[in-house]
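Colleague: generate coordinates for the sequence data below:
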Amino acid sequence: MKFSAIIGQNATKERFLRSARDGRVSHAQLIAGPEGSGTLPLALAYAQYLLCSNKQENDSCGTCSSCIRVSKLEHPDLHLSFPIVKEGTKVEKSDDRIAEFRKVFLEQPYMPLRHFLSELEEESKRPLIGTEEAGAIIHKLNYKSYEGEYKILVMWMAEFMNEVAANNLLKIIEEPPDNTVFLLIAESTESILPTILSRTQLIKVPALTDDEMMWVLTEGHSIPEEEAYNITMLAEGNYWAGLSMVLDLEDSGFSMQTFRAWMLLCHKKDIAGLISWSDEMASLTREQHKNFVRYALHIFRQCIIGAYTNNELLRAREDERDFISKFSQFVHGYNIVALMEEFNKSHYYLERNANPKLVFINLSFKVTALMFPKK
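Modeller: Have a look, this model is predicted:
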């Protein structure tokens, strides 16, 4: 993958390019950024540049033998590590799933871990990077490089390393073999051992900007500007979230109409209506479920932003602005934290294949209690 194929992130690209041009490639780097920011494509574009035999000033050539094999994730000096599910399988390490990983990544380079697991029908099980994986990494990196100047390990979702695996890798990360580069990728550094953090150079990757999202939606996916704007407001810098909306476009008013109808049922405390509404929601796809919950979170955030900024900083369409101005009386400092927590939990449950009807019924009761309590 070339740097030119990465959406935005120009500052991070330049940082990588400058380190290579100056001969100051850190042997252990932790690339941390939120879902949909492009951390994995960035790491692989960096790896391709380092291994390229005909480097250009601002990118790999894309046509040499090394570039072609990196782009297919088949270069012998590029090693990949990622969380795998061991429970109920004969899988011990990443190499046992490399064919599946290549296929899914090449189809969706910005994929989150849950998408990869979903493609393997393992989304309900716990993935990890374990001791067998650490042993395999040490074994592979102790060999000399086959062709390139570098041996590169790209570890995706490094926060899924268990403690034993992390401790086993400490020494080789601190004192790697010659010309070995570790590129660890994480969405959160909180679960990574401090000893690992202290041995890596942290590179923070931000979420995509609104302009970057708008560009890729309108130019890359030919989405009309108004629809692209709506998706940009909802995705909040997460390209995967935006892409899921592109792949599953409903009419632009779907979420708004559904949310408004739902809140009315909650306000009326219409139990039969809420059960019927949850039945209808359950018939949608999992991505539609998650998109709707994400949309609800967006509306709640805008209610609070509007209240504290006199609507000056609202990120909403005109029809939403009118609704938010009226609806915001029910969203305030006393319930917003609890509401956000309940919706985030519901999103988490839906990601893990929970029964959507039960999720939405439970969420309906929580919303009713928090927003429309008995007087």
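Colleague: enumerate every residue touching the closest residue to Pro112 other than its chain neighbours.
Modeller: Distance criterion CB to CB, 6 or more residues apart in numbering; nearest residue to Pro112, sequence neighbours excluded, is Glu35 at 5.1 Å. Placement of C-beta: from N, CA and C, glycine included. Counting by CB atoms under 8 Å, 6 or more residues apart in numbering, Glu35 touches Pro112, Glu187, Asn238, Trp240, Ala241.
Colleague: which phi and psi does Ile152 have?
Modeller: phi -130, psi 130 (degrees, to the nearest 10).
Colleague: quick check: pLDDT value at it.
Modeller: Here, the pLDDT recorded for Ile152 equals 94.
Colleague: longest helix in the chain, please.
Modeller: Longest helix of the chain, by residue count under DSSP state H: helix 286-309.
Colleague: ok, the residue lying closest to Asn142 once chain neighbours are set aside - contacts?
Modeller: In space, Asn142 comes closest to Pro177 once its chain neighbours are excluded; the distance is 6.1 Å by CB to CB, 6+ apart. By CB under 8 Å, 6+ apart, the contact set of Pro177 is Leu141, Asn142, Lys151.
Colleague: shaky segments in the chain?
Modeller: Confidence mapping of the chain against pLDDT under 70 gives the ranges 148, 247-254, 307-319, 374-375.
Colleague: and the strands in the stretch 51-200 of the chain?
Modeller: Applying DSSP state E, counting those that start in this stretch to the stretch 51-200 of the chain gives strands spanning 78-81, 151-155, 180-186.
Colleague: before we move on, back to that, which strands or helices does the helix or strand following the longest helix of the chain pack on?
Modeller: Counting by DSSP states H and E, the next helix or strand C-terminal to helix 286-309 is helix 318-327. Contact partners of helix 318-327 among helices and strands, from 3 or more CB pairs under 8 Å, 6 or more residues apart in numbering; DSSP states H and E: helix 254-268, helix 286-309.
Colleague: so the shortest one versus helix 318-327, what angle?
Modeller: Calculated by axes from the mean of the first three to the mean of the last three CA atoms, to 10 degrees, helix 254-268 forms an angle of 20 degrees with helix 318-327.
Colleague: what is the burial count for Leu153?
Modeller: Using other CB atoms under 10 Å, Leu153 is surrounded by 23 other residues.
Colleague: of the contacts of Pro177, buried ones?
Modeller: Burial by neighbour count, 16 or more other CB atoms under 10 Å: within these this picks out Leu141, Lys151.
Colleague: how is this protein divided into domains?
Modeller: Taking automatic domain parsing as the domain assignment, the ranges for the chain are 3-206, 250-371.
Colleague: what about the closest residue to Ala165 other than its chain neighbours, distance to Ser60?
Modeller: Excluding the flanking residues, the one nearest Ala165 by CB to CB, 6+ apart is Ala134, at 4.1 Å. From Ala134 over to Ser60 the distance is 29 Å, taken as CB to CB, to the nearest Å.
Colleague: between these two, who's got more neighbours?
Modeller: Between Ala134 and Ser60, Ser60 has the larger neighbour count (other CB under 10 Å), namely 27 against 22.
Colleague: give me the phi and psi for that one.
Modeller: Phi and psi for Ser60, reported as degrees, to the nearest 10, are phi -70, psi 160.
Colleague: what's the burial count for Val164?
Modeller: There are 11 residues near Val164, going by other CB under 10 Å.
Colleague: skip the chain neighbours and tell me the closest residue to it.
Modeller: In this structure, Val164 finds its nearest non-sequential neighbour in Thr131, 5.1 Å apart by CB to CB, 6+ apart.
Colleague: so the one you found sits against Glu163, correct?
Modeller: No. When contacts are counted by CB atoms under 8 Å, Thr131 is not listed as touching Glu163 (9.9 Å).
Colleague: for His75, which residues are in contact?
Modeller: By CB under 8 Å, 6+ apart, the contact set of His75 is Leu51, Ser66, Arg69, Glu147, Gly148.
Colleague: make JSON lines from the helices and strands packed on helix 318-327 and add mean neighbour count and distance to Val337 to it.
Modeller: Below are the helices and strands packed on helix 318-327 laid out as JSON lines (neighbours: other CB atoms under 10 Å; distance: least, CB to CB, whole Å):
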{"stretch": "helix 254-268", "mean neighbour count": "17", "distance to Val337": "18"}
{"stretch": "helix 286-309", "mean neighbour count": "19", "distance to Val337": "10"}
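Colleague: ok, which of these comes nearest Gln201?
Modeller: With CB to CB, the closest approach to Gln201 among the helices and strands packed on helix 318-327 belongs to helix 286-309: 32.8 Å.
Colleague: tilt between the closest one and helix 254-268?
Modeller: Using the same axes, to 10 degrees: helix 286-309 against helix 254-268 is 70 degrees.
Colleague: for the domains of the chain, could you give me JSON lines that also reports distance to Met233?
Modeller: Converted to JSON lines, these look like this (distance: least, CB to CB, whole Å):
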{"stretch": "domain 3-206", "distance to Met233": "15"}
{"stretch": "domain 250-371", "distance to Met233": "5"}
